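1. Requesting a structural model of the entry that follows:
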Amino acid sequence: MDQMSPSGLSPYRFYSAQEWGGFRADERLTLTAEEVNRLRSMGDAIDLDEVARIYLPISRLLSSHVESMQLLFRERQRFLRRPELRKTPFIIGIAGSVSVGKSTTARILKELLARWPSSPKVDLITTDGFLYPNAVLEAEGLMQRKGFPESYDVGAILRFLSDIKAGAPEVRAPVYSHFHYDVMRGETITVDRPDILIFEGLNVLQVREMPKDGKAVPFVSDFFDHSIYIDADEADLRRWYVSRFMKLRETAFRQEGSFFHRYSKVSHDEALVIAEGLWSNINARNLYENILPTRPRADLILRKGGLHRVEQVALRKI
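-> Numbering: from 1, shown residues only. Presented below is the predicted three-dimensional model:
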């Protein structure tokens, strides 16, 4: 059975982009076109209309989930007779392939959610910082599998999310530099008891093999209150990836010190072959082996078309 087919057996309800836009209701869009331009990643076609049609309704839905969770927390306080208990952050996981637009989606939702009347404190963390340093990956022969599940310090991710969910103050996350293509030693981001945490990464919805003895095995997604998967055809993902690579070759890669500086010195045709190879040998393999199989675990699936715009929204039934 194809769970992504709009049939009666699917756990999702499916909406076109136009239908989904109707759930905006009368909510006012507070982002400006200039802010959207600043928040979007290279190659992402998102504009103010797309934000109003797709992301404003999502923020409205998520805001209602946060409010409901807070009500449930107060009921649990009364049930347990523990008035001293503190509410914990509402954690949103965002997953999807390289080049699909996860970072843009995360930044847009962070801004929208923080502007709701309750003015919640919203933080954003990506899994990039939890990659093992390049030195470790090279020693383990994993540089060609960077971004695959085994290239992440999953224990560190679980400890970070556990502390966040426990309401711990000043939880630190490592910092990753795309310019240096490595974790920055000694640099951290501090997360101090936000109302909402957005946690974005390739494999955040992945599960591991279950133990036969029934012992508890925590998954990253166990700490999520809501999850979003951004979806697109592999052919579009490849095209977007290659296009971005070629643009970076003319911009960031030209800077001395960039990890990919060497690619700015090859010919256009050579660079194109390199980009296609990186997609086929690394990113496409990761997509089919690890990322795409987690799609049915998401609460909300945003399906993009060839123009990098959301064409369909699938919302899990409750």
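2. ranges for the helices of the stretch 51-200 of the chain?
-> Along the stretch 51-200 of the chain, counting by DSSP state H, counting those that start in this stretch, helices occupy 56-80, 102-114, 134-139, 154-165.
3. Check the gap between residue 279 and residue 247 for me.
-> Per C-beta to C-beta, to the nearest Å, residue 279 is found 15 Å from residue 247. C-beta coordinates here come from the backbone N, C-alpha and C atoms, glycine included.
4. More neighbours: these two, which one.
-> Using other C-beta atoms under 10 Å, the more surrounded residue of residue 279 and residue 247 is residue 279, with 22 against 13.
5. Return the distance of that one relative to residue 234.
-> For residue 279, the distance to residue 234 (C-beta to C-beta) stands at 9 Å.
6. Could you do residue 86 as well?
-> For residue 86, the distance to residue 234 - C-beta to C-beta - is 44 Å.
7. Neighbour count: these two, which is higher?
-> residue 234 (14 against 9).
8. from what I can see the more buried one touches residue 287, true?
-> Yes. With contact defined as C-beta atoms under 8 Å, residue 234 counts as touching residue 287 (6.5 Å).
9. Sheet-wise, list the partners of the top strand by length along the chain with their directions.
-> When the chain is parsed with DSSP state E, its longest strand is strand 182-191. The strands beside strand 182-191 in its sheet (DSSP bridges) come out as strand 171-177 (antiparallel).
10. quick one, helices of the stretch 201-318 of the chain?
-> 234-249, 268-278, 284-286.
11. and residue 235, what pLDDT?
-> For residue 235, the model assigns a pLDDT of 97.
12. Show the contacting residues for it.
-> Applying C-beta atoms under 8 Å, 6 or more residues apart in numbering to residue 235 gives no contacts.
13. now residue 76
-> residue 85.
14. how much space is there between it and residue 84?
-> From residue 76 across to residue 84, the span is 13 Å (C-beta to C-beta).
15. repeat for residue 256
-> With C-beta to C-beta as the criterion, residue 256 and residue 84 are 55 Å apart.
16. Equivalent analysis for residue 133, please.
-> 40 Å.
17. And for residue 94?
-> 33 Å.
18. same check, this time on residue 190
-> For residue 190, the distance to residue 84 - C-beta to C-beta - is 25 Å.
19. For these two, indicate the residue with more neighbours.
-> Taking other C-beta under 10 Å, residue 190 and residue 84 do not tie; residue 190 has more neighbours (10 against 5).
20. was I right about that one contacting residue 169?
-> No. The pair residue 190 / residue 169 is not scored as a contact, 9.2 Å apart, by C-beta under 8 Å.
21. Hmm, residue 98 and residue 41 touching each other?
-> No. Taking contacts as C-beta under 8 Å, residue 41 lies outside contact range of residue 98: 11.2 Å.
22. So between those two, which is more surrounded?
-> residue 98 (20 against 14).
23. How about that one, nearest residue that isn't a chain neighbour?
-> The shortest distance from residue 98 to any non-neighbouring residue, by C-beta to C-beta, 6 or more residues apart in numbering, is to residue 283 (4.8 Å).
24. From the structure, what's the count of residues near that neighbour?
-> Around residue 283 there are 20 residues (other C-beta under 10 Å).
25. go on, residue 31?
-> Residues near residue 31, counting by other C-beta under 10 Å: 18.
26. Same check on residue 40?
-> 21.
27. Verify the stated contact: it with residue 46.
-> Yes. At 5.0 Å, residue 40 counts as touching residue 46 under the criterion of C-beta under 8 Å.
28. rewinding a little: next one: the longest strand of the chain to chain centre, how far?
-> Distance of strand 182-191 from its chain centroid, counting by C-alpha atoms, centre = their mean, to the nearest Å, is 19 Å.
29. what does that strand contact?
-> 123, 125, 129, 131-134, 164, 170-177, 197, 259.
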